[in-house]
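Undergrad: test case, fold it:
(one chain, ligands or ions: 2)
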Amino acid sequence: MNTRQEELRTRLLALGFDDVRFVQLKPVNGGFLRDWLGQGMQADMQWMERSADKRLDPQQVLPGAKSAVLLGVNYWPGGRDVSSMAERPLWARYALYSDYHDTLKPALIEAGRALESVYGVGGTDYRYYVDTGPVVERGWAARAGLGFIGKNGMLISRRFGNWLFLAAVLTTVELEPDPPVREAIGDGEQIGALCGKCTRCLEACPTGAITKPGVVDARLCISYQTIENKGVIPRELRGKIGAHIYGCDVCLEVCPWNRFAQESRRVLLVAREGIASLSLQELLALEPERFAAVFKGTAIKRVKLAGLLRNACIVAANTSANDCITALVRLASHDLPLVRVHAVWAVFTLAGRARAEDLLAVARSVETSSEVLEEYGWWAGAPTGP
Ligand code: SF4
Ligand code: SF4
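TA: Ligands and ions are numbered 1, 2, ... in the order given. Coordinates of the predicted model:
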């Protein structure tokens, strides 16, 4: 046993990380990432393309980097799981915490100090990251045996299921690598290594976004559409979004490996459970000040009020929330065309064409945005509806 390394592991676990594994930074097989990018599956997340070389080559990030410490933080809410409360919009569970990029940072600074003290190195001998790349970090984590990459493309831990935040500390220190979950899977990056014949995640995805094991087409993915897409959500996807207001956990929660999930210790996480209890009515009525107050310090605030109202309009239509029609009609006159497009779609979907035309007559008469007029135009040519 390497005592210095075990001392480092013990100190990092004591900081609140739930799993600590080590990996050597051999060159990463970039074929998978480049194929995915080549097929445009990153949608308009151009930063993924721009940063691909850097993410594949740790030397561009930290010259002389030899190893990485992979850190997992378990965020399974356990008995307090409020994410599937009946008749409430659904939130990705990771979002129901203060932004983990912020709350993990002090512990990562401490992790760097632990590395300095155990190995006698300086502050230029390491660099830390939280969730900077969907492919590379997971690949390292799988090599280090933190878990394996499932057919849903997620890192799956045998101890925590699908519910780990990942962080990494790259370092010039040479660390002994931990083995992958099974020696037999070689470099550990094999997709679905412990999935067996299971295909639950592929079958459960509401939009068919998992085009083959391990490959998620962001353009079809509800997480991408409700979080990263800053514009209009394609009409053909809106109905498939269901009640997902922010992100989607479907391909995670159906995974049988979650039977090993454990309730988060919440040492490095701050739960924001109140968010999940917001009703659709409350969400549709959000104004800038209330939005800022409710979502302060969360990842959700990045979709901005317009993005959240857009998503709420879609959820209202998909959940037959007829008690929301008045709110939706009001949003059809919102300042932002992005909100108006989806409010118009929701009113037509819920009320049917004839009634929607009545309800929206005033909003329609003053509409000037080509995007919103296109939505009205589409419905003018659509079947009468419900
Ligand atoms: S997050 Fe949802 S939409 Fe995206 S791949 Fe998973 S199940 Fe499909
Ligand atoms: S649901 Fe089944 S196929 Fe999908 S990641 Fe989990 S074990 Fe693998």
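Undergrad: tell me the helices and strands packed up against the helix or strand encompassing Gln281.
TA: Using DSSP states H and E, Gln281 sits in helix 280-284. In terms of contacts (3 or more CB pairs under 8 Å, 6 or more residues apart in numbering; DSSP states H and E), helix 280-284 is packed against helix 304-318, helix 325-331. Quick note: C-beta positions are derived from backbone N, CA and C, even for glycine.
Undergrad: quick check: residues of the stretch 1-150 of the chain near ligand 2?
TA: Within the stretch 1-150 of the chain, the positions near ligand 2 by CB under 6 Å from any ligand atom are Gly150.
Undergrad: what segments of the stretch 1-150 of the chain are helices?
TA: With DSSP state H, counting those that start in this stretch as the criterion, the stretch 1-150 of the chain has helices at 3-14, 31-38, 46-50, 52-56, 58-61, 100-103, 105-119, 136-143.
Undergrad: may I see the buried residues of the next helix or strand after the helix holding Gln281?
TA: Going down the chain from helix 280-284, the next helix or strand is helix 288-295, by DSSP H and E. For helix 288-295, a neighbour-count test (16 or more other CB atoms under 10 Å) marks Phe291, Val294, Phe295 as buried.
Undergrad: for the protein, give me the ranges with low pLDDT.
TA: 1, 27-34, 36-37, 39, 41-43, 45-55, 82-86, 132-135, 183-189, 383-386 (pLDDT under 70).
Undergrad: domain parsing for it?
TA: 3-76+99-185, 278-386 (automatic domain parsing).
Undergrad: which of the helices and strands packed on helix 280-284 is buried the deepest?
TA: Ranked by mean neighbour count, the helices and strands packed on helix 280-284 are led by helix 304-318 with a mean of 25 (mean count of other CB atoms under 10 Å).
Undergrad: and that helix with helix 288-295, angle?
TA: 80 degrees (axes from the mean of the first three to the mean of the last three CA atoms, to 10 degrees).
Undergrad: show me what helix 304-318 is packed up against.
TA: helix 235-238, strand 244-246, helix 280-284, helix 288-295, helix 325-331, helix 337-351.
Undergrad: export the ones you listed as a markdown table, with columns for distance to Thr207.
TA: A markdown table is the format used below for these (distance: least, CB to CB, whole Å):
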| stretch | distance to Thr207 |
| --- | --- |
| helix 235-238 | 6 |
| strand 244-246 | 10 |
| helix 280-284 | 21 |
| helix 288-295 | 25 |
| helix 325-331 | 23 |
| helix 337-351 | 17 |
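Undergrad: to ligand 1, which of those lies closest?
TA: Evaluated over the helices and strands packed on helix 304-318, closeness to ligand 1 peaks at strand 244-246, with 7.4 Å, by CB to the nearest ligand atom.
Undergrad: neighbouring contacts of the helix or strand following the closest one?
TA: With elements assigned by DSSP H and E, the helix or strand that comes after strand 244-246 is helix 250-253. Identification of contacts with helix 250-253 by CB atoms under 8 Å, 6 or more residues apart in numbering yields 152-154, 162-163, 201-202, 204-206, 210, 216, 222, 258.
Undergrad: quick check, helix 250-253 touching ligand 1?
TA: Yes: counting by CB under 6 Å from any ligand atom, ligand 1 has neighbours in helix 250-253: Val250, Cys251.
Undergrad: up against ligand 1, what does the stretch 101-250 of the chain have?
TA: The stretch 101-250 of the chain comes close to ligand 1 at residues Cys205, Pro206, Thr207, Ala209, Ile210, Val216, Cys221, Ile222, Ser223, Cys248, Val250, as judged by CB under 6 Å from any ligand atom.
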